[in-house]
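Undergrad: sharing a model that was predicted from the sequence below.
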Amino acid sequence: MQKLLIRITFNLLVCTVGEISTWPSASNVIPGQVTFTVDLRAIDDMGREAVVCELSNRLYQICDRRSVSCTIDRKHDANAVICDSELTSKLKSAAYLGLKRMTGSVQDEVPVLMSGAGHNAMALSHLTKVGMLFVRCRGGISHFPEEHVLDDDVWASGLAILAFIETQL
């Protein structure tokens, strides 16, 4: 099975094609069957559903034009989880403090990202407020063998967490 990571990011949407398999799988053969996964995450459920509907319609239209059969199975649905704005603001301030400790100067901007989190933050959101601090990865690739972070970025995130704890105690 071939694995390919394709990530498309729009303002409030993350779409990842995480797995692709072809049959037969040979370098000089046009496959008779292709199976792939698409993970769509959005800041709200209505936006995600609209994209799922549009993507499904376009896939069916393309396949119909080419006389190719197409089956779309929804294997997992999870509601969007919004990070708490107050917690996000505090994490952003802590990131500024951590970077100032590290570099000795004030940074121009610390970006705030839409996470589309589908892991621990999603599970914990039913119990408490959630927020996330991201460590940048080379090429934006994470949760994959090619993931790579710089030592300085890990150091900066550690200082940000320390600053967050110090300001919240």
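TA: Received it, and whenever you're ready, just let me know what you need.
Undergrad: shaky segments in this structure?
TA: Scanning the chain for pLDDT under 70 picks out the ranges 1-11, 114-119.
Undergrad: let me see the domain layout of it.
TA: What the record gives for the chain is the domain set 4-66, 85-168, from the TED database.
Undergrad: may I see those organised as TSV, with distance to residue 75 and mean neighbour count added?
TA: C-beta here means a position set from N, CA and C on the backbone, and glycine is covered the same way. Formatted as TSV, the domains of the chain follow (distance: least, Cβ to Cβ, whole Å; neighbours: other Cβ atoms under 10 Å):
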stretch	distance to residue 75	mean neighbour count
domain 4-66	8	13
domain 85-168	13	14
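Undergrad: now these as TSV including distance to residue 74?
TA: TSV is the format used below for the domains of the chain (distance: least, Cβ to Cβ, whole Å):
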stretch	distance to residue 74
domain 4-66	8
domain 85-168	15
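Undergrad: out of these, which comes closest to residue 77?
TA: domain 4-66 (9.0 Å; Cβ to Cβ).
Undergrad: what distance separates that closest one from the centre of its chain?
TA: 15 Å (Cα atoms, centre = their mean, to the nearest Å).
Undergrad: now swap in stretch 120-140 and tell me
TA: Counting by Cα atoms, centre = their mean, stretch 120-140 comes out at 10 Å from the chain centroid.
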